[in-house]
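Visitor: fold the following and give me the result.
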Amino acid sequence: MDLAGTAALVTGSATGIGRATALALARRGCQVVVNYTRSEAEARATAREVEALGARALLHRADVADDAGARAMVAAA
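Guide: Numbering: from 1, shown residues only. Now for the predicted structure:
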């Protein structure tokens, strides 16, 4: 599936399943918002890998349990 021209906001994308999802979307041409709460170094590494795959990455720290933080992240995206 070609996702060129689309964007995805992947919560918890610094590590684990979120990271794998962000990279899979990037491989298909999707731009990715890399969200993290605590794992900044890992999130930066994920963003670099997204960009190495030819996709744009936006790094954004937000706790999705916080309504204002989640809304700010969506607005930034």
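Visitor: now the helix or strand containing residue 34, how far from the chain's geometric center?
Guide: Assigned by DSSP states H and E, residue 34 belongs to strand 31-36. Here the centre of mass of C-alpha atoms in strand 31-36, compared against the chain's by Cα atoms, centre = their mean, to the nearest Å, lies 1 Å away.
Visitor: who are the packing partners of the helix or strand following that strand?
Guide: Toward the C-terminal end, the helix or strand that comes next after strand 31-36 (DSSP H and E) is helix 40-52. On a contact count with 3 or more Cβ pairs under 8 Å, 6 or more residues apart in numbering; DSSP states H and E, helix 40-52 meets helix 16-27, strand 31-36, strand 57-61. To be clear about C-beta, it is placed using only N, CA and C from the backbone, and glycine gets the same treatment.
Visitor: buried residues of the first one, list them for me.
Guide: Of the residues in helix 16-27, those scored as buried under the neighbour-count criterion (16 or more other Cβ atoms under 10 Å) are 18, 19, 21, 22, 23, 25, 26.
Visitor: name the nearest of the residues you listed relative to residue 64.
Guide: Top of the list for closeness to residue 64, among the buried residues of helix 16-27 and by Cβ to Cβ, is residue 18 at 10.9 Å.
Visitor: before we move on, back to that, run me through the strand neighbours of the strand holding residue 34, direction for each.
Guide: Sheet pairing for strand 31-36, assigned by DSSP bridges, gives strand 7-10 (parallel), strand 57-61 (parallel).
Visitor: make a markdown table out of the ones you listed and add distance to residue 40 and mean pLDDT.
Guide: Conversion of the strands paired with strand 31-36 to a markdown table gives the following (distance: least, Cβ to Cβ, whole Å; pLDDT from 0 to 100):
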| stretch | distance to residue 40 | mean pLDDT |
| --- | --- | --- |
| strand 7-10 | 16 | 96 |
| strand 57-61 | 7 | 96 |
